[in-house]
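**Q** here are the coordinates; sequence isn't available:
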């Protein structure tokens, strides 16, 4: 029997763009037998990429020649026309839009032209809720109203989908973790080498955060928290983003440049080592859809400090699988860091409970079959 053909709309994709949504798509599609479902995708060309290439289990069709503001605005329309052309050549059995944004608009336009083809909308949003709920609400509402099924990665996003006008079934299927890779023990010599590269001694406490350097991830709050912590506590920042210069300036202004390590972009394959060589994961998000990075840190065996916002309470129970700090409160972060460094018994309990939870509930091998059911 011919496999079902699913067309994915995603603004960007591997190999140049790897975020939570992109990781989710690849991990899920790689685990679904190609004899059951074949996947194609329309995405922007990051610049110099092939117009068509195979990335894992997905055939990617790229449009335009770079990712910029104009290309993003035009993406829904260009992707829609590209999808119509591909559909005429070999019809699709369903579409899958990654987030209620540019990709969601493209899928909505396609749905208007081909109303009988099922449209699945994945809600991965972590920020920009005000933009969607404000003056653009009528436009965003069309995506939710025309979806045949919605997959939300957290209860928070499922509830938000309802507020945005969804009337279709809403399934909560979270993102997951490649548990085996993140939990595999890092050799001691590799850990020591990484810490020496960061200028950290064996007695230093390394706080680590892995995210885009943007306002919603509140990295500025972690930097300020260092003022209330012992000089042996340092912060390792993994990632890039538009706030990088501001954050470096803040560290310099507070005379903390020697304690804040900007490591830049780290390939996802290298993250397990960076996490295991650190001591505590901190991300005091101002908003959050779910947050793969928290789950990856838990799988890597380091305790997590986070804020009780968005989808984080789905997996973090205070004192059980992590510690909650207050939003925009550096002193609260410092207090939680001190608790974890002084109370080894509590730290060990939290780390073990969190790792067991990720192993039992958030592995991709268990999540992919749940997504497969939405496509069949």
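**A** Cool, got the structure. What you see is a predicted model; the values in this text were computed from it and never measured. Numbers count the residues shown, from 1 in each chain.

**Q** Could you use CA atoms for every contact and neighbour count after this?
**A** OK.

**Q** pLDDT on the lengthiest helix in the chain, on average?
**A** What stands out as the longest helix in the chain, according to DSSP state H, is helix 69-89. For helix 69-89, the mean per-residue pLDDT is 96.

**Q** next helix or strand past that helix?
**A** For helix 69-89, the succeeding helix or strand toward the C-terminus, using DSSP states H and E, is strand 94-98.

**Q** low-confidence ranges in the stretch 251-376 of the chain?
**A** Applying pLDDT under 70 to the predicted model, the stretch 251-376 of the chain contains no residue that meets it.

**Q** how about the helices of it, start to end?
**A** All helices of the stretch 251-376 of the chain, identified by DSSP state H, counting those that start in this stretch, fall at 271-276, 292-300, 330-342, 344-361, 364-375.

**Q** just the ones you listed: most buried one?
**A** Among these, judged by mean count of other Cα atoms under 10 Å, the one packed with the most neighbours on average is helix 292-300 (a mean of 27).

**Q** packing partners for it?
**A** helix 179-183, helix 271-276, strand 304-306, helix 344-361 (3 or more Cα pairs under 8 Å, 6 or more residues apart in numbering; DSSP states H and E).

**Q** between the ones you listed, which one is nearest to residue 255?
**A** Residue 255 sits nearest to strand 304-306 of all those, at 24.1 Å, using Cα to Cα.

**Q** Sheet partners, orientation included, of that closest one?
**A** strand 280-283 (parallel), strand 323-324 (parallel) (DSSP bridges).

**Q** Pull the residues that contact the shortest one.
**A** If I follow you right, that is strand 323-324. The set of residues external to strand 323-324 that reach it, using Cα atoms under 8 Å, 6 or more residues apart in numbering, is 304, 305, 306, 307, 308, 316, 317, 318, 336.

**Q** what does the longest one give?
**A** Surrounding strand 280-283, the residues in contact under the criterion Cα under 8 Å, 6+ apart are 205-210, 217-219, 222, 275, 294, 297, 302-307, 337.

**Q** If we use 6 Å, what do you get?
**A** Contact with strand 280-283 is made by 207, 208, 209, 302, 303, 304, 305, 306, as judged by Cα atoms under 6 Å, 6 or more residues apart in numbering.

**Q** Rebuild the helices and strands packed on helix 292-300 as JSON lines, extending it with distance to residue 78.
**A** Listed next are the helices and strands packed on helix 292-300 as JSON lines, based on distance: least, Cα to Cα, whole Å:
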{"stretch": "helix 179-183", "distance to residue 78": "38"}
{"stretch": "helix 271-276", "distance to residue 78": "35"}
{"stretch": "strand 304-306", "distance to residue 78": "39"}
{"stretch": "helix 344-361", "distance to residue 78": "38"}
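
**Q** Of the ones you listed, which is nearest residue 328?
**A** Of all the helices and strands packed on helix 292-300, the one in closest proximity to residue 328, counting by Cα to Cα, is strand 304-306 (11.3 Å).

**Q** ok, how many other residues are close to residue 113?
**A** Applying the criterion other Cα atoms under 10 Å, we find 12 residues in the vicinity of residue 113.

**Q** same thing with residue 190?
**A** Neighbours around residue 190, by other Cα under 10 Å: 14.

**Q** about what we covered before: are any of the contacts of strand 323-324 buried, and if so which?
**A** Judged by neighbour count, with 16 or more other Cα atoms under 10 Å as the criterion, the buried members of the contacts of strand 323-324 are 304, 305, 306, 307, 308, 316, 318, 336.

**Q** quick one: which of those is nearest residue 31?
**A** Relative to residue 31, the closest of those is residue 316; by Cα to Cα it sits at 26.7 Å.

**Q** which residues sit in contact with that closest one?
**A** Under the criterion of Cα under 6 Å, 6+ apart, the contact list for residue 316 reads residue 322.

**Q** Distance of residue 341 relative to residue 55?
**A** In this structure, residue 341 and residue 55 are 42 Å apart, going by Cα to Cα, to the nearest Å.
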